[in-house]
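Peer 1: Give me coordinates for this.
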Amino acid sequence: MLDAVSKKRSDDQQRLRIKIRGAVQGVGFRPFVYRLATQLELCGSVNNSADGVTVEVEGSTDKLHNFLSRLSEEKPPRSFIQSLESSWLDAAGHSTFVVAESEAEGTKSAIVLPDIATCPDCLADILDPENRRYRYPFTNCTNCGPRYSIIRAIPYDRANTTMAAFEMCDDCRREYGDLLDRRFHAQPNACAACGPQLQLWDATGNVTAERDEALLRAADSIRDGRIVAIKGLGGFHLVCDARNDDAVHELRRRK
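Peer 2: Next up is the predicted model:
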């Protein structure tokens, strides 16, 4: 009897290989797949590839059908599935579900999203005096932050972005590895302890202030009728006081 039950369970186990193309990198798609698979008690892996995301899941046929259906219905709001190809295979004996290493081989056709405005949750972090990201301007998560402006190569992984120069601190790394955290596998994840900082440079290229002091001095300069070049994610913004005629005329002259 035990052998018969064991054989029935083995026969019911199948593996599903899924190839997803579209805007599926930099939108929290791998964390979403990971959570869905673990919720359904499926084993396998998910990884970025040169042209999208590859998923392998293994489990009962009913759970795999459920997974496939929910994959499209519950996908992250910023994502867009251009095509989804699936194939049924024999079970391979996976025992866990993991976010696997990305694959860089192949035609690099994955869609990279533009930079995304700071989400309400991150804004709340920035404005909360008790939060460790209080007043940290580069706060982001899987739902917002830089994408196109920081990427150097596909697949979209931290090592392929300008954030590679900033090693995550222990707290950020813990968030990055926490399934229940909204920064789970957020590639640009950073904080004031480990990420980029605000700096104020003078016209000769010397740093005159950093962090909050840089922001305050820049504001003072604008009030004093000076022009400030603010380096953003995708370029520079030239800023002056629109109520100051002399500053506006000087800005137009320089442009």
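Peer 1: quick one: E74 from R15, how far?
Peer 2: Noted for E74: a distance of 21 Å to R15, by C-beta to C-beta, to the nearest Å. For the C-beta atoms, the positions are set from N, CA and C on the backbone; glycine is no exception.
Peer 1: residue ranges for the helices of the stretch 151-255 of the chain, please.
Peer 2: 170-176, 211-223, 245-254 (DSSP state H, counting those that start in this stretch).
Peer 1: end-to-end on stretch 159-169?
Peer 2: 16 Å (C-alpha to C-alpha, to the nearest Å).
Peer 1: i'd like the first residue to be 14 from this point on
Peer 2: Got it, first residue is 14 now, which makes that one stretch 172-182.
Peer 1: pLDDT on it, on average?
Peer 2: For stretch 172-182, the mean pLDDT works out to 96.
Peer 1: for stretch 256-263, same thing?
Peer 2: The model assigns stretch 256-263 a mean pLDDT of 95.
Peer 1: Could you list the low-confidence segments of the protein?
Peer 2: 14-24 (pLDDT under 70).
Peer 1: which stretches of it form strands?
Peer 2: 26-36, 56-62, 65-73, 93-103, 110-112, 212-214, 220-223, 241-244, 249-252 (DSSP state E).
Peer 1: Can you lay out those strands as TSV showing distance to V261 and mean neighbour count?
Peer 2: Listed next are the strands of the chain as TSV, based on distance: least, C-beta to C-beta, whole Å; neighbours: other C-beta atoms under 10 Å:
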stretch	distance to V261	mean neighbour count
strand 26-36	40	19
strand 56-62	46	22
strand 65-73	47	23
strand 93-103	41	12
strand 110-112	51	18
strand 212-214	22	15
strand 220-223	24	13
strand 241-244	14	13
strand 249-252	11	12
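Peer 1: Format the ones you listed as CSV; extra columns: distance to E180.
Peer 2: Listed next are these as CSV, based on distance: least, C-beta to C-beta, whole Å:
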stretch, distance to E180
strand 26-36, 28
strand 56-62, 21
strand 65-73, 26
strand 93-103, 32
strand 110-112, 19
strand 212-214, 19
strand 220-223, 19
strand 241-244, 22
strand 249-252, 27
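Peer 1: Now mean neighbour count and distance to G218 too, for the helices of the stretch 164-268 of the chain, in a markdown table please.
Peer 2: Putting these into a markdown table (neighbours: other C-beta atoms under 10 Å; distance: least, C-beta to C-beta, whole Å) gives the following:
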| stretch | mean neighbour count | distance to G218 |
| --- | --- | --- |
| helix 183-189 | 15 | 30 |
| helix 224-236 | 14 | 15 |
| helix 258-267 | 12 | 18 |
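Peer 1: Distance to P44 added to the ones you listed, as a markdown table?
Peer 2: Output for those, formatted as a markdown table (distance: least, C-beta to C-beta, whole Å):
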| stretch | distance to P44 |
| --- | --- |
| helix 183-189 | 10 |
| helix 224-236 | 30 |
| helix 258-267 | 43 |
